[in-house]
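1. compute the structure for the input listed below.
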Amino acid sequence: MIIDLSPQLRVQRLSIGREGAPLLVVDQLVADPERLVRKAARLDFTPQGAFFPGIRARAPASYEVLLERLAQPLLEEFFGIGPGRLRATSHYSLITRAPEQLMFLQRIPHIDAVSRQGLAAVHYLFRGNWGGTAFYRHRATGFEYVDETRHEAYYRKLDEEAQGPDAPGPGYIGEDTPMFERIGQVEGVFNRLVMYRRNSLHSATIDNHNVPPPDPLNGRLSINTFIDVIQ
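-> Below is the predicted model of the structure:
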């Protein structure tokens, strides 16, 4: 499957919160996004992993190559990551789980890894009001990202809060909560991609009263990518 970057591609270089972690927003990413949607509609989606609240299917290998090409020149200059060969792993994703079925760690912002040497990207392939991606600060620690030096203190505090009065009830996180402050948000716009370090605290923004259906053509279809730097 041949996938090309769009000639109308537009890039915004932003930052998150007080700690200023880099945030890349790319509009009109690919030349033919509808082709990616049609491809998804032919695939079998299944639950994958313990924490993703929905179903997934592997994205085309050519899409992974495209993301590697997009990220490579930004590694040092924008993301502050040392040079190296990139390896992208991409999955079509549909958030489908009902709010009352979420575990504690699915009801709060999360990180994908503690290392700053990796990136995450979300490419929105839906139309409609299915939400985007938000970024958060943990109130008790002040952390906006969790790296190796913060990991132990952060999760020790989470364990305490999970048993306390500020623990979240059933449902996806919305705006500010007693535990977390929302410090940034990117709207989910068709053919927009957002890219950030994997250790930034983030969450999809999901309406608890309108959870998307398990349908690539009508649900919250995205391609979620992890990009590792092999040095």
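2. so which strand or helix has Ala153?
-> helix 151-162 (DSSP states H and E).
3. helices or strands up against that helix?
-> Packing contacts for helix 151-162, counted by 3 or more C-beta pairs under 8 Å, 6 or more residues apart in numbering; DSSP states H and E, involve no helix or strand. Yep, even glycine has a C-beta here, placed from its N, CA and C like the rest.
4. got the buried residues for the helix or strand following it?
-> The C-terminal neighbour of helix 151-162 among helices and strands, as given by DSSP H and E, is strand 180-186. Neighbour-count burial for strand 180-186 flags Phe180, Glu181, Arg182, Ile183, Gly184, Val186 (criterion: 16 or more other C-beta atoms under 10 Å).
5. equivalent analysis for stretch 136-144, please.
-> In stretch 136-144, counting by 16+ other C-beta under 10 Å, buried: Tyr136, Arg137, His138, Arg139, Phe143, Glu144.
6. okay, now that stretch: how far is its last residue from its first?
-> 6 Å (C-alpha to C-alpha, to the nearest Å).
7. quick one: mean pLDDT for it?
-> Mean pLDDT, stretch 136-144: 98.
8. gap between that stretch and the chain center?
-> From the chain centre to the centre of stretch 136-144 is a distance of 18 Å (C-alpha atoms, centre = their mean, to the nearest Å).
9. so what's Asn224 closest to, chain neighbours aside?
-> Sequence neighbours aside, Ser93 is the residue nearest to Asn224 in space, at 4.7 Å (criterion: C-beta to C-beta, 6 or more residues apart in numbering).
10. and the gap between the nearest residue to Thr177 once chain neighbours are set aside and Tyr124?
-> Leaving aside its chain neighbours, Thr177 sits nearest to Pro168 (6.1 Å; criterion: C-beta to C-beta, 6+ apart). Separation of Pro168 from Tyr124 (C-beta to C-beta, to the nearest Å) stands at 25 Å.
11. who has more neighbours, those two?
-> Each of Pro168 and Tyr124 has its neighbours counted (other C-beta atoms under 10 Å); Tyr124 has more, 24 against 19.
12. so what's that one bridging to?
-> As for beta bridges, Tyr124 partners with Arg192, Ser222 under DSSP bridges.
13. do a quick rundown of the helices in this protein.
-> 33-41, 61-71, 151-162 (DSSP state H).
14. just to revisit the earlier point, could I get the pLDDT score of the residue nearest to Thr177?
-> At Pro168, pLDDT is 95.
15. contacts only, for Arg10.
-> Contacts were defined as C-beta atoms under 8 Å, 6 or more residues apart in numbering; by that measure Arg10 touches Val26, Asp27, Gln28.
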